[in-house]
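J.: My questions concern the predicted model and sequence given below.
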Amino acid sequence: MKEAFLARVGKRLPKGVAGSTLTVSDKVSKMIKANPERVTALLEQYGEAVIRSSTGARAVSFRVDVDPAGTTTVTPVEETTSTQTRVIGEAGTPDPELQHALAAARARGRLRAAEILTADDMLSAEAFAELLGTTRVTVNTKRQSGQLLGLDGAKRGFRFPVWQLDADGRPYAELAGLHERLGGAWAVYRFLVQPHGELEGLTGRDALERGKTKAALEVAKSVGRDFR
């Protein structure tokens, strides 16, 4: 377990509002390191909620939506009246409407993950090993060391994007560096498929294909450095 100490830069909490210490697992810690901008936005909204709730003596709320690819949408803080507030877990009983909404969100998440992992450019370990002219054991060993990008497909096993190979059919040498900087396979996947302003709108994959490898690694480092 790891502890994260959170503070709002440049603004002192109101009198009587204590700071917070958050204990998280190593897995969550790696996720935070890989997504500092998204986590920062979430923490800012949480901090705003704490401050407004404490100083205004009323409930406030904000909403966070996350899809399997890691895209995060944070809806800003809104004040909540007593008639709008729905208690969760009253006498141990969850709110049926909320439970239904959460189940629907999980279903959408599983569907999105399935769409990604069953795409034509995703290969099984066996198929990827055949493409590289090596063995399944070697592929999985290189995945574990970060030299290959493999996404966990749960029941279907790991899936390997075919586009992680360069023009010569070899895995990009920078993959290990991306794993080191970003902390996990899904974080590396998101970095490679999403556009980045620091790369003039190119995705991480585009940057590697165009030989902008140093720039790609620098941007990946900037993404993860705040939580190292």
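T.: Right, received. Where do you want to start?
J.: From here on, just use CA atoms for contacts and neighbour counts.
T.: Noted.
J.: Chain neighbours aside, what residue packs nearest to Gln194?
T.: Spatial nearest neighbour of Gln194, excluding adjacent residues (Cα to Cα, 6 or more residues apart in numbering): Thr203 at 5.0 Å.
J.: so what's that neighbour bridging to?
T.: Here Thr203 shows beta-bridge partners Pro195, assigned using DSSP bridges.
J.: show me the contacts for it.
T.: Residues in contact with Thr203 (Cα atoms under 8 Å, 6 or more residues apart in numbering) are Phe191, Leu192, Val193, Gln194, Pro195, His196.
J.: Buried ones only from those, please, as a ChimeraX command.
T.: Buried members of these can be picked out in ChimeraX with the line below, counting by 16 or more other Cα atoms under 10 Å:
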select :191,192,195,196
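J.: what separates the residue nearest to Gln194 from Arg136, distance-wise?
T.: As judged by Cα to Cα, to the nearest Å, Thr203 and Arg136 stand 29 Å apart.
J.: List the residue ranges of the chain that fall below the pLDDT cut-off.
T.: 1-63, 65-94, 107, 109-111, 113, 154-155, 224-228 (pLDDT under 70).
J.: Mind jotting down where the helices sit in the chain?
T.: Under the criterion DSSP state H, the chain contains helices at 26-34, 36-56, 96-117, 125-132, 136-144, 175-182, 185-193, 204-209, 213-224.
J.: Mind listing what's buried along the fifth one?
T.: The reference is to helix 136-144. For helix 136-144, the neighbour count (16+ other Cα under 10 Å) marks Arg136, Val139, Asn140, Arg143 as buried.
J.: Could you single out the nearest of those residues to Val64?
T.: Minimum distance to Val64 across those is 31.3 Å, recorded for Arg143 (Cα to Cα).
J.: pretty sure that closest one contacts Gly150?
T.: Yes: taking contact to mean Cα atoms under 8 Å, the distance of 6.0 Å between Arg143 and Gly150 places them in contact.
J.: and the closest residue to Arg181 other than its chain neighbours, how far is that from Lys214?
T.: Here the nearest residue to Arg181 in space, its sequence neighbours aside, is Lys221; by Cα to Cα, 6+ apart that works out to 5.4 Å. Separation of Lys221 from Lys214 (Cα to Cα): 11 Å.
J.: These two - which one has more neighbours?
T.: In terms of neighbours (other Cα atoms under 10 Å), Lys221 is the more surrounded of Lys221 and Lys214; the figures are 18 against 12.
J.: hang on, isn't Ser124 packed against Gly153?
T.: No: under the criterion of Cα under 8 Å, Ser124 lies out of contact with Gly153, with a separation of 9.6 Å.
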